[in-house]
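Trainee: let me see the structure of the following:
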Amino acid sequence: MKIVMYSSIVGDKDLPRTDLPLINNFSKFTTSAMNAKAPKILSHLFVDADISIWIDGCIQQTISPEELVDLYLPDDADMALFKHPERDCIYEEAPAALGRCTSDREETGAAMMEQLWAYQAEGYPQHAGLAECNFIIRRHNVRVKAFNEAWWAQICRYSRRDQLSFPYVLRKFPDLLVSFMSGNIRRHPHFRCHEHLWF
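Mentor: Numbering: from 1, shown residues only. Reported below is the predicted structural model:
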């Protein structure tokens, strides 16, 4: 079984890394954020693996990728990632995310509001769960590939803030088995984190 851990650092959002593969040559979009976002979301198109592990450029693991899979991806799960340590609602996450935004605040805010209005109009509930998408283990199977494509469509349509669209899309894939990890990755023995240089 081939396991690949990877990341993308485009522009100067994070410090350079040499400890894992970086996908930095995607340049379809005019913003660095979206050029880094594509390989994150569409893992099956950018990584040749049975299981991929996305890790944000500001996070380093302290154990091997194989150990991470053994510990956090159950045999019956398609995907594993952390629950958000502070919130469980996209309607609360959006203003918090905007408050941390230092670039394109007006454009990002407008996209978030349009996104939340659309989800609310569709009946998406409050407090329906929230993931922290800075570390994602995925099996490259048919279910995950379909989920990735649907998730990417939401990011292209609305906000690039993937935490807002992840739970919305997940509700449309009831057969996708996701293992939500508890705890805070910033205070976890298997990870070391530093803040992004910009948001």
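Trainee: tell me how far the spatially most central residue of the chain lies from residue 79.
Mentor: The centroid of the chain falls nearest to residue 133 when counting by C-alpha atoms, centre = their mean (3.2 Å). Distance from residue 133 to residue 79, counting by C-beta to C-beta, to the nearest Å: 11 Å. Just so you know, the C-beta spots here come from the backbone N, C-alpha and C atoms, and that holds for glycine as well.
Trainee: helix, strand or coil for residue 19?
Mentor: Put simply, residue 19 is coil when judged by DSSP: H, G, I helix; E, B strand; the rest coil.
Trainee: the spatially closest residue to it that is not a sequence neighbour: which element?
Mentor: Leaving aside its sequence neighbours, residue 19 sits nearest to residue 60 (C-beta to C-beta, 6 or more residues apart in numbering; 7.0 Å). Taking DSSP states H and E as the criterion, residue 60 maps to strand 59-61.
Trainee: which of the residues in whichever helix or strand comes after that strand are buried?
Mentor: Once the chain leaves strand 59-61, the next helix or strand it forms, by DSSP H and E, is helix 65-72. For helix 65-72, the neighbour count (16 or more other C-beta atoms under 10 Å) marks 65, 68-69, 72 as buried.
Trainee: count the neighbours of the nearest residue to residue 84 once chain neighbours are set aside for me.
Mentor: Spatial nearest neighbour of residue 84, excluding adjacent residues (C-beta to C-beta, 6+ apart): residue 130 at 4.0 Å. For residue 130, the neighbour count with other C-beta atoms under 10 Å is 22.
Trainee: pLDDT value on residue 130, please?
Mentor: Per-residue confidence (pLDDT) for residue 130: 97.
Trainee: what does the one 10 residues further on give?
Mentor: Residue 140 carries a pLDDT value of 98.
Trainee: same question for residue 97.
Mentor: Residue 97 carries a pLDDT value of 82.
Trainee: next: residue 106.
Mentor: At residue 106, pLDDT is 61.
Trainee: which residue ranges form the strands in the chain?
Mentor: In the chain, the segments counted as strands under DSSP state E are 3-6, 51-55, 59-61, 79-83, 131-139, 178-181, 191-193.
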